[in-house]
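A.B. asks: Quick one, fold the following:
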Amino acid sequence: MKTNSPLHITNGSSLTSYLKSLEIEGDILTWNEMLCEGPTVKEITSDAFFKVRTTFFKTAYDIDYKAGDFKEELDKLNDLTNYTEIILWFEYDLFCHINLIAAISLLKQKKVSLPLYLVCSGRVEHEKDLKGLGELTPEQLKAHYKAKIELSVDDIALAQKAWRIYCGDNHNLLKPLIVRPSNFKYLSNCLKAHLRRFPDTRSGLNMLEYNILRLIKEHAIKSRRHLVGYALHYQGYYGFGDIQLEKMIDRLEQFYDETETTVTLNRPGHLALELQKNFLNELQTDFYFGGINKADFLYNKKENKLIKHV
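C.D. replies: The predicted structure is shown next:
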C-alpha cells in the first residue's frame, strides 16, 4: 500500500495489467464481475449477493464463480486511510456501466468519503469507432487519465439510484434517468440499450438478437465463430464478450441454417426480421437482469417502455 496515493478501480484484469505496465501511481482494485447479466442483490458484499452470483454463473455458463478472489479485491476498501482519491476506470458500454454504478454504490455503502473520479473511454478524436480503455494507445490512456472527471454529489446519487432500480422489480423507473444530466456521458445510451434487452412486442426478439439476424442477412457469414466476430464489432453500447454472444447465437439457431462454409437466414429468420411473426413462445427468455426476469416483461417500441408480460 502506497501512502497518499490514489486507489484505482479497474473494469477488469486486462486494464489492471495495462495500468501496471505504464507504472500509473497508486494501488489497484480489479472489478472482475459482469453484473449486467444474472440476478443481483443491492448489498454487494452480502452473503446473498455471492450466493446468487455463484448460482448464476454455474447455471448459465457452467463457470465456477471466484467469489474468494472478488472478495479479496473488495477487501481493499476496508482501509482507505492512506489514499487521497479513488479513480474509477470504466468504459462507454452497458457491461461497464452496470459494474460502475454497482462500484459507486458499494463505496457509498461503505461510507467512503474520498473524492471519486471517472476515467471513461468511448469517442476518441480522429477515430471512427468507440474505443475501450484497453484499445487506447499509452498516450491516449494517459491523456484520458489527465482529463479525469470528479463526480459530483448528484452524479453519485444518480449512480446509487440506478443501481437500486436495477436490483428492483420495476426497470421503467430507469427512464427518467435517461434524460437526467450528469457526468456519465454514456449512461443514457446504456440505459436505453438495457431496456431494449427485453423481448420486443412485435417479434419476441430483443435488440441484440434482432441485430444478429440482420448481420447474417447482410454479410457473408461463414461460421458461428465468424458471426461472433461481427456481433462483437457491431453491438453498439452493449460491450458483451465472446462468451455472452456465443450463448446468444446458439439460442437463435432456429433462425438460421448452417453448412460447413455458410450461415444463412432461414424462413423463420426472415419472418422475425420483417416483424411478420412473434417468436416469443419459442425463445428461451427465463433469464435475470438484476432484479427482474426477462420472461416477465416485453419492450414496447412505440411507448419506449417495458410492459408486463402475462
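
A.B. asks: Buried residues in stretch 49-59, which are they?
C.D. replies: 49-50, 52-53, 56-57 (16 or more other C-beta atoms under 10 Å). Placement of C-beta: from N, CA and C, glycine included.

A.B. asks: And that stretch, how far out from the chain middle?
C.D. replies: How far stretch 49-59 lies from its chain's middle: 17 Å, per C-alpha atoms, centre = their mean, to the nearest Å.

A.B. asks: for stretch 49-69, what is the average pLDDT?
C.D. replies: Taken as a whole, stretch 49-69 has a mean pLDDT of 95.

A.B. asks: returning to what we had before: can you redo the buried residues of stretch 49-59 as CSV with secondary structure and distance to L7?
C.D. replies: CSV is the format used below for the buried residues of stretch 49-59 (DSSP: H, G, I helix; E, B strand; the rest coil; distance: C-beta to C-beta, whole Å):
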residue, secondary structure, distance to L7
F49, helix, 21
F50, helix, 22
V52, helix, 27
R53, helix, 23
F56, helix, 28
F57, helix, 27
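
A.B. asks: wait, which of those is closest to Y237?
C.D. replies: Nearest to Y237 among those: F56, at 22.6 Å, using C-beta to C-beta.

A.B. asks: How about the closest one, nearest residue that isn't a chain neighbour?
C.D. replies: Nearest in space to F56, with sequence neighbours left out and distances taken as C-beta to C-beta, 6 or more residues apart in numbering, is G38 at 3.5 Å.

A.B. asks: go on, L133?
C.D. replies: Closest to L133 by C-beta to C-beta, 6+ apart is S121, at 4.7 Å.

A.B. asks: ditto for N189
C.D. replies: Of all residues not flanking N189 in the chain, Y237 sits nearest, at 4.6 Å (C-beta to C-beta, 6+ apart).

A.B. asks: I'd guess I165 is in a helix, am I close?
C.D. replies: Yes. Using DSSP: H, G, I helix; E, B strand; the rest coil, the assignment for I165 is a helix.

A.B. asks: ok, it to T40 distance?
C.D. replies: From I165 across to T40, the span is 11 Å (C-beta to C-beta, to the nearest Å).

A.B. asks: again with L106
C.D. replies: Distance, L106 to T40, using C-beta to C-beta: 12 Å.

A.B. asks: what's the answer for G12, then?
C.D. replies: Distance from G12 to T40, by C-beta to C-beta: 18 Å.

A.B. asks: Q235 too?
C.D. replies: For Q235, the distance to T40 equals 22 Å [C-beta to C-beta].

A.B. asks: A60 now?
C.D. replies: From A60 to T40 the distance is 13 Å (C-beta to C-beta).

A.B. asks: where exactly do the strands run in the stretch 201-310 of the chain?
C.D. replies: 256-258, 263-265, 288-290, 292-293, 297-300, 305-308 (DSSP state E, counting those that start in this stretch).

A.B. asks: so where do the helices sit in the stretch 101-250 of the chain?
C.D. replies: Remark: helices assigned in the stretch 101-250 of the chain by DSSP state H, counting those that start in this stretch are 138-146, 153-166, 175-178, 187-195, 207-218, 224-233, 242-251.

A.B. asks: Tell me the predicted confidence for the residue nearest to K131 when sequence neighbours are not counted.
C.D. replies: Using C-beta to C-beta, 6+ apart and skipping residues adjacent in sequence, the residue nearest K131 is V124, 4.9 Å away. If you check V124, the pLDDT there is 86.

A.B. asks: follow-up on the earlier one: A60 and T40: which is more packed in?
C.D. replies: T40 (22 against 15; other C-beta atoms under 10 Å).

A.B. asks: dump the residue contacts of the more buried one.
C.D. replies: 49, 52-53, 102, 166-167, 290-291 (C-beta atoms under 8 Å, 6 or more residues apart in numbering).

A.B. asks: closest to N266 among those residues?
C.D. replies: G290 (33.7 Å).

A.B. asks: For that closest one, grab the count of nearby residues.
C.D. replies: Neighbour count of G290, defined by other C-beta under 10 Å: 23.

A.B. asks: ok, so what distance separates it from K42?
C.D. replies: For G290, the distance to K42 equals 9 Å [C-beta to C-beta].

A.B. asks: which residues are in contact with both of these two?
C.D. replies: By C-beta under 8 Å, 6+ apart, the residues touching both G290 and K42 are C167.

A.B. asks: Could you double-check that the residue nearest to N189 sits in contact with Y186?
C.D. replies: Yes. Counting by C-beta atoms under 8 Å, Y237 does reach Y186; the two are 7.0 Å apart.

A.B. asks: shared neighbours of those two, which are they?
C.D. replies: Taking C-beta under 8 Å, 6+ apart as the criterion, Y237 and Y186 both touch 92-93.
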